[in-house]
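**Q** After the sequence you'll find the predicted model.
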Amino acid sequence: MNDSSGIQIVELRLAGFRAFENVRLRFDELTVLVGRNGAGKSTLIDALVFLRDALTDSLENALTRREGLSALLHRSSKTAKKLSIALTVRISPAYLRAFTQRTGLVIEPPYIRAGIVATYGFQVTPSRTAKGFRVEHESIRFDTPEGHAGPQPQAPHRYHFFSREGLSLPLLAIGKPSLQLILDALKTSVRAYRLSPEAIRLEPPIGRTSILHRNGDNAGDVLHSIERNRKELSWITRHLAAITPGISRLQSGTAAGRRLIRFFQQSGKSTRVRFDIRDMSDGTLRCLAILLALRQSPSPALVCIEEIEDSVHPAALSVLLDAVDSSTRRCQVLLTSHSPEALSHPSVTPERIRVIQWRNGRSQLFRLSTGAEEMSRPPRSVGKLLRSNALFTADEPERVESDFFTRFFGL
Ligand SMILES: Nc1ncnc2c1ncn2[C@@H]1O[C@H](COP(=O)(O)OP(=O)(O)OP(=O)(O)O)[C@@H](O)[C@H]1O
Ligand SMILES: [Mg+2]
């Protein structure tokens, strides 16, 4: 369980979402997606963001942002025109206690003692209405974690709504504290990053958020909120200095209503030169944003970083992966990577690898074969196997259990 967020992302189940006709993604504290271009790595991350968007904003906007349901549905002649998605999370007793204190809402004592494992999901189909979609089902199921022996809760473990034209999710939670809790937990649980040095360089107007935006454009605000904590600031500075030699200090600032970041670099024994964000290299800015994403507070449960190696020197990449590794106590991390160097880091163990392959019009997710797992143990590595094109996968893809959605949606 993550120390900071109190929420652990357990698994995502998906059917009919873009290239995925069916997939089950089980998360570790660090999970690494590998696969050829167009295999479906970004699609899986977007599925997580889609679910979060549907909860924080509305399903309609989440669909519109993705060109509508018809663009999102898996395109194939055979499969049913339905999109089903379900996310399972584990919520710690500490999170539950803080939630009841914050909101005054009552959660049953057995849950407070043991924590909750919750699965939330919905199914949408196209419709001829103006909106163009129809929510067929919305479900939530919650339970005490497996192996919990104490008293069991009395409240129903399952809530379920069907077919509401124009339903804007989430509908379930209204008036039910335990559901409100789970939806709140889901809303803040996932942050996905596609960081852009150009966006970081824009130096936007001063903002108040301490949560890093998807492209990193509010890096200055996030640094400002972190730098009050000296230990965290020195962690970030230390890692950045190992990536870009000479950096000795970082500081947020303001000028003319804009948020700035100042970088101090050692030049000679006793002289320090100040640089602005505009002067810094693409790789430095991207790495700084990754470090901020890992240390932002409040910490999301899961931080997703696409193509961690982008514009990073191989030597710096190992520092970045050290940073990821030491942050997995605070938050889970999901990475995508094409880089043998990144995949050679000791934290990238074979069990953490998910290989995505696109075959015959659909994407599938595999674990490594037992042979490939053995072959990638030290002194070899997953990266070495990737370099020799030998990341052989298990025979069977990771699919949703055959009757899962049927049972979950009470069909
Ligand atoms: N509605 C759809 N139905 C079926 N396949 C789709 C649909 N929409 C997109 N695709 C496929 O999904 C692929 C996109 O996959 P994605 O962007 O996730 O790849 P990736 O693994 O992130 O690749 P890269 O490494 O290049 O970033 C497209 O190439 C396209 O073939
Ligand atoms: Mg991609």
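**A** On my side now, so go ahead. Ligands and ions are numbered 1, 2, ... in the order given.
**Q** for the chain, what helix or strand is lowest in average pLDDT?
**A** strand 158-164 (a mean of 70; mean pLDDT, DSSP states H and E).
**Q** What ranges in the protein fall below the confidence cut-off?
**A** Along the chain, the parts satisfying pLDDT under 70 run over 1-3, 77-80, 156, 162-175.
**Q** What residues does it have near ligand 1?
**A** Applying CB under 6 Å from any ligand atom, we find that the chain lies next to ligand 1 at 18-19, 35, 37-43, 73-75. Where you see a C-beta, it was placed from the backbone N, CA and C, and this is true even at glycine.
**Q** and whatever helix or strand comes next after the least confident helix or strand of the chain, what other elements does it pack with?
**A** Downstream of strand 158-164, the next assigned helix or strand under DSSP states H and E is helix 177-187. Using 3 or more CB pairs under 8 Å, 6 or more residues apart in numbering; DSSP states H and E as the contact test, the elements touching helix 177-187 are helix 41-56, strand 83-91, helix 93-103, strand 116-126, strand 133-143.
**Q** There's contact between E373 and R352 in this structure, I believe.
**A** No. Counting by CB atoms under 8 Å, E373 stays clear of R352, with 10.7 Å between them.
**Q** hmm, back to that, nearest to I290 among the helices and strands packed on helix 177-187 would be which one?
**A** helix 41-56 (15.0 Å; CB to CB).
**Q** For the closest one, what is the distance to the chain centroid?
**A** 9 Å (CA atoms, centre = their mean, to the nearest Å).
**Q** Next: stretch 112-127.
**A** Taking mean C-alpha positions (CA atoms, centre = their mean), stretch 112-127 and its chain are 17 Å apart.
**Q** Residue numbering should commence at 4 henceforth.
**A** Let's use 4 as the start, then, which means that last one is stretch 115-130.
**Q** Using CSV, write out every CA atom in that stretch.
**A** Output of stretch 115-130 as CSV, limited to C-alpha atoms (Å, rounded to 0.1, in the frame of the first residue of the first chain):
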residue,chain,number,x,y,z
ILE,A,115,-12.4,1.1,8.8
ARG,A,116,-10.5,-1.8,10.4
ALA,A,117,-9.7,-3.8,7.3
GLY,A,118,-9.8,-1.3,4.4
ILE,A,119,-11.8,-1.7,1.2
VAL,A,120,-11.2,-3.3,-2.1
ALA,A,121,-13.5,-1.5,-4.6
THR,A,122,-14.2,-2.1,-8.2
TYR,A,123,-16.0,0.7,-10.2
GLY,A,124,-17.0,0.4,-13.9
PHE,A,125,-19.5,1.1,-16.6
GLN,A,126,-20.6,0.0,-20.0
VAL,A,127,-21.6,2.3,-22.8
THR,A,128,-23.1,1.6,-26.3
PRO,A,129,-23.8,3.9,-29.3
SER,A,130,-27.3,5.3,-29.5
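**Q** what about G413, how many neighbours?
**A** When neighbours are defined as other CB atoms under 10 Å, G413 has 10 of them.
**Q** SS state for it?
**A** Using DSSP: H, G, I helix; E, B strand; the rest coil, the secondary structure recorded for G413 is coil.
**Q** next one: phi and psi at it?
**A** phi 60, psi 40 (degrees, to the nearest 10).
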